[in-house]
Structures are given as C-alpha cells and as structure tokens.
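[1] sequence first, then the predicted structure:
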Amino acid sequence: MYGVLDSEGKDSAKEPRVPTAEVTYEVTGTGAADITYQARGKTGKSITVDAAALPWRKTVEVPLGTEPLVSITLGEKGGQLRCALGIRGKHVQSATAAGKFGRATCSGELAAEEAR
C-alpha cells in the first residue's frame with residue numbers, strides 16, 4: 001500500500017492538458033543558422049538551437065490560441081536560408097534570409113476554436 005498512497009517524489013502539480021496542433025518547422029540552405037521556435041507548453045515556450053546543422057526539421061505540438069513561430073538568423077559568414085512552417089501537414093508560410101546576419105521569420109495562426 002505504501003507505493004499506492006505515497007505521492008512524495010511524484011509531480012503532483014502537472015501542467016493542465018491544453019489542446020494542441022501539430023506544427024512542423026523546417027530550415028534549409030547554406031551557412032550556419034541560429035533557430036528559435038515555439039513548442040509545447042501552457043503558453044508555448046521558445047527553444048533556441050545555436051549553429052544548427054542544415055537541413056533542419058522539427059515537428060512539435062503547439063497550444064491552440066498561440067502563434068507558431070520559427071525565426072532564423074545567419075552568422076557572421078552569411079549564406080542563404082529558407083524557413084518554412086506547416087500546420088497539421090499543410091504549408092502555411094516560408095521566408096528567406098540572406099547575407100551577413102540575415103534574418104527571417106515564419107509564423108502562422110492556431111485559433112483556439114480549432115480543437116481536434
């Protein structure tokens with residue numbers, strides 16, 4: 001009975017379940033890329049990948065009512081990058097960054113009423 005009644009050491013304050021949608025971020029091109037993207041969490045948290053190896057692709061669950069976003073930044077040596085964003089398997093947006101410290105952002109919309 002000890003294991004059944006003992007809640008010590010277990011996460012009793014779990015984050016409430018929030019409806020999400022599958023979002024795919026993709027970055028292709030040449031040069032070193034710093035990538036920041038939004039992932040799962042009650043409000044969606046940003047995650048940064050420094051000097052990501054390309055091509056780079058990540059599929060995550062993003063809370064409905066938030067804006068999925070991927071931001072790319074080229075390094076000092078420049079290059080050319082393309083970011084792309086897909087929601088539930090459908091292409092939503094793409095953008096290109098070029099040159100020294102070039103930047104681009106791809107974002108979309110996940111309306112709260114789109115629950116699965």
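    Noted; the coordinates are in hand. Quick caveat: nothing in here was measured; it's all calculated off a predicted structure.
[2] so where do the strands sit in this structure?
    20-30, 33-39, 45-52, 56-63, 69-74, 80-87, 90-98, 103-107 (DSSP state E).
[3] winner for burial among these?
    Ranked by average neighbour count under the criterion mean count of other Cβ atoms under 10 Å, those are headed by strand 69-74 at a mean of 22. For glycine as for every other residue, the C-beta is placed from the backbone atoms N, C-alpha and C.
[4] so where's this protein shaky on pLDDT?
    By pLDDT under 70, the low-scoring segments of the chain are 1-16, 41-44, 113-116.
[5] can you rerun that using 90?
    1-20, 30-32, 38-46, 53, 61-67, 76, 109-116 (pLDDT under 90).
[6] partner residues bridging the closest residue to Asp50 other than its chain neighbours?
    Using Cβ to Cβ, 6 or more residues apart in numbering and skipping residues adjacent in sequence, the residue nearest Asp50 is Asp34, 5.4 Å away. Going by DSSP bridges, Asp34 is paired in beta bridges with Thr73.
[7] Asp34 is in contact with Ala51, isn't it?
    Yes - Asp34 is within contact range of Ala51, at 6.7 Å (criterion: Cβ atoms under 8 Å).
[8] shared neighbours of these two, anything?
    Shared contacts of Asp34 and Ala51 (Cβ atoms under 8 Å, 6 or more residues apart in numbering): Gly75.
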